[in-house]
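Enquirer: the following comprises the amino acid sequence and a computationally predicted model.
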Amino acid sequence: MPIKVYELAREFKMSNTEAVKALGELGFKGLGPSSDLEDAQATTIREQLSARNGGANGANGSGTAAPGGDAGAPSAPAEAIEIPGNITIKDLADKLGVGANEIQKVLMGMGVLAALNQRLAPDAVLRIAQKLGKTVRMATAAPAPAAAPAATAPAGGPVAATPVKTAPAGPTARP
């Protein structure tokens, strides 16, 4: 049964971009995240990626355990992925290293039908990440500089209003 490149990327805890680049380096050029790989190709790629990134570094070179490794060993806690507060489905998929269709499936399960370029609310991003088993942290924007304080009236006294100039009522002579 064919496997998609993005599924292989998820298996090795790589982003889609990293997986496509690694496949290009292994001689599988012209593939994208949605490209199908036959079982024989997928097996060859798994072996080559494991050999290339294997050893103490695990399958993805980040120090986490490789797929199919020692199941009894505790895995390292997943590092939180920083997500901006206003992100599209496509950008979220890239950040989480999953296909955009996976995010759309989760949204459909939540009763939401959304396009790839639709922006997501921060609470929706957190729920999606939780359902996909990812740890995310919402990026906080830098606090806005404090506005200049408005002119305040002296305590207890009236404030003088700026005079308003109006045009005279009636026809005006034009030169």
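Expert: Thanks, I have the structure now.

Enquirer: what ranges do the helices span in this protein?
Expert: Counting by DSSP state H, one finds helices in the chain at the ranges 5-11, 16-25, 39-53, 89-96, 100-109, 122-131.

Enquirer: what lies in contact with the last one?
Expert: By CB atoms under 8 Å, 6 or more residues apart in numbering, the surrounding residues in contact with helix 122-131 are 81, 83, 85, 87, 92, 96, 103, 106-107, 109-110, 112, 120, 135-136, 138. No exception for glycine: its C-beta is placed from N, CA and C like everyone else's.

Enquirer: which one of those is nearest to residue 34?
Expert: Ranked by distance to residue 34 (CB to CB), these are led by residue 103 at 13.9 Å.

Enquirer: and the pLDDT at that closest one?
Expert: pLDDT, residue 103: 91.

Enquirer: contacting residues around it?
Expert: Residue 103 touches 89, 92, 93, 96, 128, 132, counting by CB under 8 Å, 6+ apart.

Enquirer: can I get these in a markdown table including neighbour count, distance to residue 24 and pLDDT?
Expert: Formatted as a markdown table, the contacts of residue 103 follow (neighbours: other CB atoms under 10 Å; distance: CB to CB, whole Å; pLDDT from 0 to 100):
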| residue | neighbour count | distance to residue 24 | pLDDT |
| --- | --- | --- | --- |
| 89 | 22 | 26 | 90 |
| 92 | 25 | 25 | 89 |
| 93 | 24 | 20 | 89 |
| 96 | 23 | 22 | 86 |
| 128 | 26 | 29 | 90 |
| 132 | 18 | 26 | 86 |
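
Enquirer: in CSV: these, plus distance to residue 8.
Expert: Converted to CSV, those look like this (distance: CB to CB, whole Å):
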residue, distance to residue 8
89, 21
92, 20
93, 15
96, 16
128, 22
132, 17
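
Enquirer: from those, pick the one nearest residue 50.
Expert: residue 96 (22.9 Å).
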